[in-house]
Structures are given as C-alpha cells and as structure tokens.
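**Q** pasting the sequence and the predicted model now:
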Amino acid sequence: MSAKVSKDIIILGIEASCDDTSIAILRNNQILANIVANQEVHNEFGGVVPELASREHQKNIIPTISLAIQKSGINMKDIDGIAFTKGPGLMGSLLVGSSFAKSLAIALKKPLISINHMEAHVLANLIDHNPDFPFICLTVSGGHTQIVIVKDIHDIKIIGETLDDSAGETFDKCAKMLGLNYPGGPEIEKKSLGGNPKAFDFTFPKVDGLNFSFSGLKTNFMQLIQKKSIKNTHFINNNIKDLCASIQYTIIQILIQKLKIAIQKHNIHKIAISGGVAANEEFRRSINNLQESHGVNITIPKKEYSTDNGAMIAIAGYYKYKMQQFCNISENVDPRYKLQYQL
C-alpha cells in the first residue's frame with residue numbers, strides 16, 4: 001500500500017492499550033476529533049480486569065470510530081493513514097485495536113503505522129503547535145514513570161525510569177487502602193481538597209540518578225494506616241483529606257525533585273509533561289512553578305491529551321507518515337514494547 005501525496009495529511013489514530021477505547025482524527029497537527037469510551041466495568045474490582053477490557057474494546061470500537069468520523073466532518077476515503085498502538089499495554093486490548101486497524105487499512109487501501117504508546121504520550125505535547133527541540137519530558141501514567149530527552153521527533157532517549165511501581169500505580173494502590181474507587185489518582189485529588197499536604201510525613205526514596213522508586217512509599221503509607229487504625233478504627237475517615245493531600249504532595253515532590261536534577265544535569269530548559277497523572281491539577285501547578293524558580297519554558301498538554309487517547313496516537317502517526325515509516329499487515333503487538341533509544 002502506497003502513501004498518498006497530499007498537502008494536508010489526515011491520520012486516524014486508534015488507542016486501545018488498556019481500558020479506554022479512543023479514536024482520533026487529525027489533519028496535519030490539528031485534532032479534528034478525539035473520542036474516548038471509558039470502561040466503568042472495572043470500578044468494582046479496584047483495577048483493570050484484562051479479559052473484561054478486551055470485551056469492552058470489542059463493543060466500543062465501532063461506535064467510537066463512528067462518532068469520531070461524524071465529529072471530524074471528513075469521509076473515510078479522506079484518510080491518508082491509520083495509526084494504532086503496538087504496545088506497551090495489555091495483550092488482549094492491543095490485539096483488538098491492532099486487528100481493527102489492519103482490517104480498516106486493507107479495506108481502505110491505506111498505509112498502516114504502528115506506534116509506541118510511551119512515545120505517543122511524549123508527542124502529545126506537539127498537538128496544535130510546532131515542536132521546539134530539545135526538551136525534557138516527564139511521562140507519568142498508570143503503568144509507567146520515565147524521563148526522556150527529546151532531541152527530535154524520532155530521537156527520544158530515556159534518561160530515567162521507575163525501578164518498581166509507577167507513580168500512577170502508587171496513587172491507585174494508596175487509594176485502594178483508603179477505600180476509594182478506581183482509578184485512584186482522580187479520587188485522591190478530589191479528596192485532597194482542603195487537606196493539609198504536610199499533615200503526614202512519608203518516605204522519600206533514596207535512588208541515585210534520575211531513576212524512580214515508589215514501592216517504599218507505598219509500604220510506608222500502608223504501615224502508617226495500619227498502625228493508626230489499630231488505635232483508632234475511624235482514623236481513615238477522620239483524616240481522609242489530610243491523608244490524600246499528604247500522599248499526593250509526596251508523590252509530586254518526588255517527581256519534581258528528579259525533574260530538577262534532569263534540568264541541571266543536561267542543561268536543557270524546555271520542559272514538558274505527559275501521561276494520565278499530568279491531568280492532576282496540583283502536579284500541573286508544581287510544574288508551572290519551575291518556570292519561575294528554574295527559568296524553564298513549560299509545555300503542558302490539555303487534560304484530554306494527557307490520559308490515554310487516540311489524539312496522541314494520531315500525532316505520532318502523522319510524523320511517521322511524513323517519514324514514510326509504515327508497517328506491514330503482519331506487524332505483531334508487543335505488551336512490553338520499549339522505546340528504541342536509550343542513554
């Protein structure tokens with residue numbers, strides 16, 4: 001399948017790596033539609049159930065693409081390329097998205113573009129504006145926490161990543177200990193309003209360099225709750241705001257601390273953030289504070305482009321399309337798909 005030569009490039013992006021089905025349509029670097037179908041079926045289990053996620057994707061993907069096409073105002077024949085998430089993610093979910101993308105590519109006779117989910121999170125910062133390189137990007141999501149240097153569209157190098165739990169996982173697990181709903185990040189953020197972020201002191205991990213570790217913090221949080229609850233069975237209910245504000249503050253400060261080290265070590269003063277945790281208002285405020293304290297330029301994507309979404313897959317697909325980086329119909333998904341470049 002050959003690429004269409006056109007002044008305007010229209011890409012359809014399909015994101016189905018975990019529990020959200022999202023379809024986006026992009027013209028050049030402008031998003032025409034970005035539709036997300038959430039899966040509430042997982043709420044009662046306190047986390048994503050892979051088999052249920054796959055089934056929900058199968059139910060949601062056709063209605064979602066129909067809405068995206070309708071909102072964008074384009075015809076299917078206008079699409080120049082189809083981008084899909086190759087990985088990382090849940091195997092079943094990835095297979096639903098990739099199978100649909102391949103079928104569509106065959107039917108429309110359009111080129112197919114495979115996308116790394118983490119790379120797409122980074123490139124979400126380029127939606128609606130032209131890139132300014134190099135920049136440091138801190139990606140914080142439910143499954144990943146990493147810092148990269150972006151020297152160019154196709155030159156992204158990992159300079160730090162989590163050694164165990166991600167920041168997003170830590171939010172989820174701490175929320176579960178508090179009896180809050182899944183996903184935990186937004187629940188902790190809501191409950192933290194009016195709370196004292198310094199009411200409880202939690203462990204700051206001692207990890208050299210730019211790597212992260214959150215397992216010790218999670219254990220510290222659990223031990224505090226267990227210890228206090230023995231003396232007072234109403235401890236959590238009586239202190240829910242302060243507990244949420246304190247754990248949120250600690251996680252954010254760990255992230256900011258590493259970002260400051262990266263700025264100093266690599267002498268790069270353009271900063272971006274991405275991933276689901278980037279939707280957290282307190283995190284966004286803390287990042288913006290670096291503009292004044294460290295003289296950096298900050299790029300923060302819209303909240304709808306921070307969580308898993310088709311727009312980030314479409315923008316990554318757009319740049320790959322321009323480079324004619326297409327994949328074969330036999331391309332396999334990879335639940336552990338890693339960025340190719342690493343320092």
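**A** Nice, thanks for sending it over.
**Q** for the rest of this, base every contact and every neighbour count on C-alpha atoms.
**A** OK.
**Q** so residue 62 is in which element?
**A** Using DSSP states H and E, residue 62 maps to helix 50-72.
**Q** and that helix, what's buried?
**A** By 16 or more other CA atoms under 10 Å, the buried positions in helix 50-72 come out as 50, 53-54, 56-58, 60-61, 64-65, 67-69, 72.
**Q** got CSV for those, with distance to residue 119 too?
**A** Shown next, in CSV, are the buried residues of helix 50-72 (distance: CA to CA, whole Å):
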residue, distance to residue 119
50, 23
53, 23
54, 23
56, 25
57, 22
58, 25
60, 25
61, 23
64, 23
65, 23
67, 26
68, 23
69, 25
72, 24
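**Q** in a markdown table: the residues you listed, plus pLDDT and distance to residue 102.
**A** Below are those laid out as a markdown table (pLDDT from 0 to 100; distance: CA to CA, whole Å):
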| residue | pLDDT | distance to residue 102 |
| --- | --- | --- |
| 50 | 83 | 22 |
| 53 | 87 | 20 |
| 54 | 92 | 17 |
| 56 | 90 | 19 |
| 57 | 90 | 15 |
| 58 | 94 | 15 |
| 60 | 94 | 17 |
| 61 | 96 | 13 |
| 64 | 96 | 17 |
| 65 | 96 | 14 |
| 67 | 97 | 20 |
| 68 | 97 | 18 |
| 69 | 97 | 18 |
| 72 | 97 | 21 |
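**Q** before we move on, back to that, who touches whichever helix or strand comes after the helix holding residue 62?
**A** Later in the chain than helix 50-72, the nearest helix or strand by DSSP H and E is strand 81-87. Residues outside strand 81-87 that contact it (CA atoms under 8 Å, 6 or more residues apart in numbering): 3, 10-17, 94, 97-98, 101, 104-105, 110-117, 313-314, 317, 321, 332-338.
**Q** just the buried ones from the residues you listed?
**A** Taking 16+ other CA under 10 Å as the criterion, what is buried in those is 10-17, 94, 97-98, 101, 104-105, 110-117, 313-314, 317, 321, 333-335, 337.
**Q** the helix holding residue 62 - contacts with which helices or strands?
**A** Packing contacts for helix 50-72, counted by 3 or more CA pairs under 8 Å, 6 or more residues apart in numbering; DSSP states H and E, involve strand 21-27, strand 30-37, helix 91-108.
**Q** ranking those by burial, who's on top?
**A** Per-stretch averages of neighbours, counted by mean count of other CA atoms under 10 Å, single out strand 21-27 among those, with a mean of 28.
**Q** orientation of that one relative to strand 30-37 in degrees?
**A** 170 degrees (axes from the mean of the first three to the mean of the last three CA atoms, to 10 degrees).
**Q** could I get strand 21-27 in PDB with only the CA atoms?
**A** The C-alpha coordinates for strand 21-27 follow below in PDB (Å, rounded to 0.1, in the frame of the first residue of the first chain):
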ATOM      1  CA  THR A  21     -11.100   2.900  23.700                       C
ATOM      2  CA  SER A  22     -10.200   6.100  21.800                       C
ATOM      3  CA  ILE A  23     -10.300   7.100  18.200                       C
ATOM      4  CA  ALA A  24      -8.900  10.400  16.900                       C
ATOM      5  CA  ILE A  25      -8.800  12.100  13.500                       C
ATOM      6  CA  LEU A  26      -6.100  14.600  12.800                       C
ATOM      7  CA  ARG A  27      -5.400  16.900   9.900                       C
END
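**Q** so what strands line up beside that strand?
**A** The strands beside strand 21-27 in its sheet (DSSP bridges) come out as strand 10-15 (antiparallel), strand 30-37 (antiparallel).
**Q** run through who's touching that strand.
**A** So strand 21-27 is contacted by 8-16, 31-38, 57, 60-61, 64-65, 68-69, 72, 308-311, 313-315 (CA under 8 Å, 6+ apart).
**Q** for stretch 189-208, which positions count as buried?
**A** 189, 191, 192, 195, 196, 197, 202, 203.
**Q** among these, which two are most distant?
**A** 191 and 203 (21.1 Å; CA to CA).
**Q** residue 189 against residue 244, yeah?
**A** Yes. Under the criterion of CA atoms under 8 Å, residue 189 makes contact with residue 244 at 7.1 Å.
**Q** which regions of the stretch 201-343 of the chain sit below the pLDDT cut-off?
**A** The model of the stretch 201-343 of the chain has pLDDT under 70 over residues 340-343.
**Q** ranges for the strands of it?
**A** Secondary structure of the stretch 201-343 of the chain, counting by DSSP state E, counting those that start in this stretch: strands at 270-274, 297-299.
**Q** rewinding a little: dump the helices and strands packed on helix 50-72 into a markdown table; add mean pLDDT and distance to residue 124 as well.
**A** Formatted as a markdown table, those follow (pLDDT from 0 to 100; distance: least, CA to CA, whole Å):
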| stretch | mean pLDDT | distance to residue 124 |
| --- | --- | --- |
| strand 21-27 | 97 | 12 |
| strand 30-37 | 96 | 11 |
| helix 91-108 | 97 | 19 |
